[in-house]
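Peer 1: Whatever this is, show me its structure:
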Amino acid sequence: MASEEKTRTKQAEPQAPRVETTAAPTGKNALTVAKASPPATRSAGSVAIREPLARARDRLATMAGGSSGLAWSFVLIVVLPAIFAGLYLAFIAKSQYVSEARFVVRGAVEPMRVGSTVPGVPFSVDNQESHVVAAYVRSRAMVEAITKTIDLRAMYPGLLRDPVFGLAEDSTIDQLVAFWNKQVTVVVEPISSVIRVTVRAFTPEDALTLSQAVLRESERIVNEISVSGRTDRLQQATAELRNAEAELRGLRAEVERFRDQQGTIDPTQSAKDRFEGLTKLRDERATLNTELLAVSNRLSADSPVIRVLKERLRSMDDKIAALEAALLDTPNRPGAVNQASLAAAADLEARRKLATERLERAELDVQNARLELTRQSVYVLVFMQPTLAQEYSYPMPFAHTAIVAAVLLMGWSICALYVRGIRARTR
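Peer 2: Predicted structure coming up:
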C-alpha cells in the first residue's frame, strides 16, 4: 500500500522538462543543444492554431475532391460523347452524296424592281414566281408528287442501318416531309433570283434522280401557274365582253322605246332641223314684211297685191307659231321636242357611246387573252443541270466531331460555372 501511495505522489508531482542532447557533426568538443518541450501554460494557444489549420486542411481536401469530380464530369460529358460521335460518323453513318442544280424562272412580264434610289446601292428584283417555286419544293405537295413515281422511303436507309441520319420504314407523310426538308436545300439569290437546289442522298444515282425529279416538278408547277393565270384572264375578259354586250343591248332597246314614244328617230337632230326651219321662216317673214311695207306706200290697202302679201304673212306666222310650240312647249303628243326629251335623248346617246367603247375594249381584251393563252409567258430556264457526285460530301467525321465537342464543351462549361457558383454561396 505504501508503495502505491508513493507511486501516485510521484505521478501527481510536476515533472521537470526533458532535455535531449544532440551531437554536433564534429566529433571533437561536441556541443549539446537542449530542446525543451513547451510548458503546460502554452497548450491553449497551440489549440487555437491547430483548429484553423485543420479547417484549411479539410477545405483543401474538399477542393481536391471537387476537382476530381469536375474532371470526371468533363470526361463523361465532353470526352466520351465526342469519341462516340467521331466513331459513329467514321464507321457507322452512311455516306451522303450531293447533287446540285440551278435554274431561274422567267416570264413575259418585267418583274418589279425594289431598291434604293441612292447612287451606288443596287436594285433587287422581286420575282414572285421564284419564291413560289422555292416554297413548293419544300412543301408536302412536292413530296406527294415525287412519291407517285419514286419510292422515297426505299431510297433512304432505315433506322437500324443509320439511327441518326436514317428514315423509319413506317414513317408517316409528315415525318417524310420533315426528313425531305433536311435532305433538300433551296436558296433563292436576292439579286438574280436564281434558284439553287441541293439534294442529298445515300448514293450518287439517287441524288441525281431526286434532283431531276425536283426540276421536273418545278417546271410542271410553273406551267400550271402560267396556264391558270392566262385562263383566268381569258375568262375574265370573256365575262366582261358578255356584260358589255348585255349593257349595249339594253341601251339599244331603251333608245328604241324612246324613239317610239317621241315619234322621231333622233330627237336632237329633229330639234336641230326644226330650229333651222324656224330661222329660215323668220328670215322669209322679215323679207316679206319689208316687201309689204314697200308696196303699201304705192298701192291702196284693197289692192290684190297687198292682200296676197298679207295672206302670205299670216300663213308664215302660223308656221312659225307651230314650230315654236313644238320646240318650246311640252305637249304630250308624238313628234313634240322639248327640253326634257332633248336631255333624255342626250343621256341615252352618251350612255350608248360609253357602252360601245366598253364593248370595243372588252373585245380587244379577249383577243389579247387568247393570244397569250397560245404562248408560254412564264417558263423555267435551267442553266446548270443536276450533277452526278463523284465522292461523298456528308458526313465529315473530323469537322462534325469538332462541332459536337465544341457544343458539349460549351454546355459543360456553363453547367460547371453554375455549380461552382451554387457551392460558393452555400458555404
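
Peer 1: could you list every residue that touches residue 243?
Peer 2: Residues in contact with residue 243 (CB atoms under 8 Å, 6 or more residues apart in numbering) are residue 362. C-beta coordinates here come from the backbone N, C-alpha and C atoms, glycine included.

Peer 1: Show the low-confidence segments of the stretch 201-350 of the chain, by residue range.
Peer 2: By pLDDT under 70, the low-scoring segments of the stretch 201-350 of the chain are 262-271, 273-274, 326-342.

Peer 1: by contact count, what packs against whichever helix or strand residue 275 is part of?
Peer 2: Here residue 275 is covered by helix 267-296, with elements defined by DSSP states H and E. For helix 267-296, the contact count by 3 or more CB pairs under 8 Å, 6 or more residues apart in numbering; DSSP states H and E identifies helix 304-328, helix 339-373 as packing neighbours.

Peer 1: Let me know which of those helices is the nearest to residue 145.
Peer 2: If you check each of the helices and strands packed on helix 267-296 against residue 145 by CB to CB, helix 339-373 wins as the nearest, at 24.7 Å.

Peer 1: Check which residues of the closest one are buried.
Peer 2: Buried residues in helix 339-373, counting neighbours by 16 or more other CB atoms under 10 Å, are found at 341-342, 344-345, 348, 351-352, 355, 358-359, 362, 365-366, 369, 372.

Peer 1: For residue 215, state which of those residues is nearest.
Peer 2: For those, the minimum distance to residue 215 (CB to CB) is 25.1 Å, reached by residue 372.

Peer 1: While we're on the closest one, how confident is the model there?
Peer 2: Here the pLDDT value assigned to residue 372 is 72.

Peer 1: Next one: it from residue 105, what distance?
Peer 2: When distances are taken as CB to CB, to the nearest Å, residue 372 and residue 105 turn out to be 17 Å apart.

Peer 1: swap in residue 400?
Peer 2: Here the criterion is CB to CB. By it, residue 400 lies 35 Å from residue 105.

Peer 1: Comparing the two, which shows the higher neighbour count?
Peer 2: In this comparison of residue 400 against residue 105, neighbours counted by other CB atoms under 10 Å, the higher total goes to residue 105 at 26 against 17.

Peer 1: In a helix, that one, correct?
Peer 2: No - the secondary structure assignment for residue 105 gives strand rather than a helix, going by DSSP: H, G, I helix; E, B strand; the rest coil.

Peer 1: so what does the helix or strand where residue 423 lies touch, helix or strand wise?
Peer 2: With elements taken from DSSP H and E, the one containing residue 423 is helix 397-426. Applying 3+ CB pairs under 8 Å, 6+ apart, one finds that helix 397-426 makes contact with helix 43-74, helix 80-87.

Peer 1: mean pLDDT lowest for which of those?
Peer 2: helix 43-74 (a mean of 59).

Peer 1: between whichever helix in the chain runs longest and helix 339-373, how many degrees?
Peer 2: Among the elements of type helix in the chain, defined by DSSP state H, the one spanning the most residues is helix 204-262. Here helix 204-262 runs at an angle of 160 degrees relative to helix 339-373 (axes from the mean of the first three to the mean of the last three CA atoms, to 10 degrees).

Peer 1: quick one on the thing from earlier: can you give me the angle the helix holding residue 423 makes with helix 80-87?
Peer 2: Regarding helix 397-426 and helix 80-87, their directions subtend 170 degrees when assessed with the same axes, to 10 degrees.

Peer 1: which of the residues in helix 397-426 are buried?
Peer 2: Counting neighbours by 16+ other CB under 10 Å, the buried set in helix 397-426 is 400-401, 404-405, 408, 412.

Peer 1: likewise stretch 305-324?
Peer 2: Buried residues in stretch 305-324, counted by 16+ other CB under 10 Å: 306, 309, 312-313, 316, 320, 323.

Peer 1: what's the average pLDDT for stretch 140-152?
Peer 2: Confidence over stretch 140-152, taken as the mean pLDDT, stands at 93.

Peer 1: gap between residue 104 and residue 138?
Peer 2: The span separating residue 104 from residue 138 equals 18 Å under the rule CB to CB.
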